[in-house]
Each structure stands twice: as structure tokens, then as C-alpha cells.
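okay, structure incoming, though there's no sequence with it:
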């Protein structure tokens, strides 16, 4: 594939001419694509390097690739630099204008949050007082119920003793009249006790209903909500000042904590004399290391380029 003859002149003398700008739009000159395809096609012809001739072919292919790469990088750097500078300047201007607004907004948010926290604390105090009253009322009800149960048991025991005594007298009576009188007295006592128990049960039921209504009244007592202004929306979230990164990594992996390697420092260390090594010369460190071979191709009159 033939490439335009003047592209090499552009790359040699004025690489930024590879890219043209229309207002805010950037584009490469159409002659660049055939040159790239040609360089790639030439490089694809080098399938192996096993002699001086094939090595010379790959060197020329690398030289052509480097020539295009350097020209494209220079063009991009030249045309994109004004955009980057303008972007940074715009961000700095916006930061200057926003600083006072953001500080005042943060101050007002702190004031609103402080007020809201006070109201929440007041609501918590009211809720705690409500719970305390409910507990005291429940304890009072249980104590009264226990006292009533004990008194009922005592009266039942006493009445039962009276009935037993009447039955015993009736059994011991020598005459029919005496037995009948004793039995009638025993029946009267039984009926009277049954009526007393019925009335006691009704009173206990009435007391239980009254206690239940009192508890419901306490439980339904409203707790005032935190007031909000029109358009105000509050949401509580948790933030942190310090966390145990090691514990997070052990429990959740890299979901929350990301550890990065300072690549150049590690590269200098594993290629330096202080790095421990295995028998095959590879770094004796935790990880997977591989040998990365590079060649230096120098074009005539230009700086050497590592590839």
C-alpha cells in the first residue's frame, strides 16, 4: 500500500500538522490512516527473527512505527494542551467563585443539623419517659393483681374451712333436723361464696380493662416530630475519620480498600542489586514476576527509543 510522500515531511518538520482543529473539534489529516496501515502491513511481514537480514527488517519496521507514534503523540500533545490548560483554569475560577458559597452552605447545614439533633434528643427523652411510665404502670398492675390473687386465695381457704366445719357438724349431728340444718348452712355458705367469687371475677375483669385502656393511652401518646421547613430534607448517614484497613481487607477483600503498587519504585528494586533472588534469577518476592526484554532502536540523528 502506497502512502503519501509529503507525510514524512510533515512528521519530520511539523508533527502537529497531523491534526487539524475546527473550533472545538479535532481530527487527524486523512493521509495518516494510509500511513498507519502501511506501517502495520510492513510490521506484519516480520513473522520471526533468526538472522541478520530478518533482524534488519524488524528494525526498519520498528523505526517506521516509532516515527508514526512520535508524530501522533506530538500532534496530540500540541493540540490538546490548550484544552487542558483552559480546563484547569476554568476549574480554578469555578473553585474560587464557589468557595464562599460552599462554606456558607456548609455552615447553614451545620446549624440545621444542630437544631435537628436537639429536637431528636428531646424526642428521645420524651420516648424514654414514655417507656418508663409504661414500665412503672405495668409493674403497678402486676403488683395489684398479685395482691388480689393472694387475698382471693386467703378468703377461699377461709370459706372452705367454714364449709368443712359445717359439713363436719352436720355429719356429727345425732338428729335428722340437726343434719338438715347443718347441710342447709353449708349450702348457704357455698352459694354465698359462689356469688362472691362471681362478683370478684367481674371486678377483676373491670380492673383489667381499665388497666389496658390506661396502657393504651400511654402507648398512643404522640411523640412530637422534628419540624422541617418547606423544601428541607434531612437524612442521617454515617461517616468515619479512621478505619482499620487491614480488618476491612480481611473481611471484605478489595471491596472498600484498594492497595496500589508504586510501580517505578518496585521496578527499580527488583532490577537492583538489593532484591533477593531465586535460583533462576527471578525476584524472591510474593507475586508473579516475568522477564520483560526490550530493544533500543536508534534513528539517524534522533534520540534512542526503547520498544
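In hand now; what should we look at? As the structure is a computational prediction, the values presented were derived from the model and not from experiment.

give me the number of residues near residue 247?
By other C-beta atoms under 10 Å, 10 other residues sit near residue 247. The C-beta positions use only the backbone N, C-alpha and C, and glycine is treated the same way.

quick one: the helix or strand containing it to chain centroid distance?
Here residue 247 sits within helix 245-252, counting by DSSP states H and E. Distance of helix 245-252 from the chain centroid (C-alpha atoms, centre = their mean, to the nearest Å) equals 14 Å.

for the helix or strand hosting residue 181, what is the average pLDDT?
Take DSSP H and E as the rule and residue 181 turns out to sit in helix 176-219. Averaging pLDDT along helix 176-219 gives 83.

helices or strands up against that helix?
helix 52-172 (3 or more C-beta pairs under 8 Å, 6 or more residues apart in numbering; DSSP states H and E).

report the angle between the helix it packs on and helix 176-219.
Compare the direction of helix 52-172 with that of helix 176-219 by axes from the mean of the first three to the mean of the last three C-alpha atoms, to 10 degrees and you get 150 degrees.

please name every helix or strand in contact with helix 52-172.
helix 6-13, strand 19-22, strand 25-28, helix 32-44, helix 176-219, strand 296-297.

let me know the angle separating that helix from helix 32-44.
100 degrees.

and helix 52-172, how far out from the chain middle?
Worked out by C-alpha atoms, centre = their mean, helix 52-172 lies 10 Å from the chain centre.

relative to helix 6-13, how tilted is that helix?
Using the same axes, to 10 degrees: helix 52-172 against helix 6-13 is 80 degrees.

now helix 52-172: average pLDDT?
For helix 52-172, the per-residue pLDDT averages 87.

who touches the helix holding residue 247?
255, 256, 257, 259 (C-beta atoms under 8 Å, 6 or more residues apart in numbering).

ditto for stretch 277-293
Under C-beta under 8 Å, 6+ apart, the answer for stretch 277-293 is 270, 275, 276.

quick one: which of the contacts of helix 245-252 is nearest residue 15?
Nearest to residue 15 among the contacts of helix 245-252 is residue 259, at 39.4 Å by C-beta to C-beta.

how about that closest one, phi and psi?
phi -100, psi 130 (degrees, to the nearest 10).

who touches it in this structure?
Counted by C-beta under 8 Å, 6+ apart, residue 259 has contacts residue 249.
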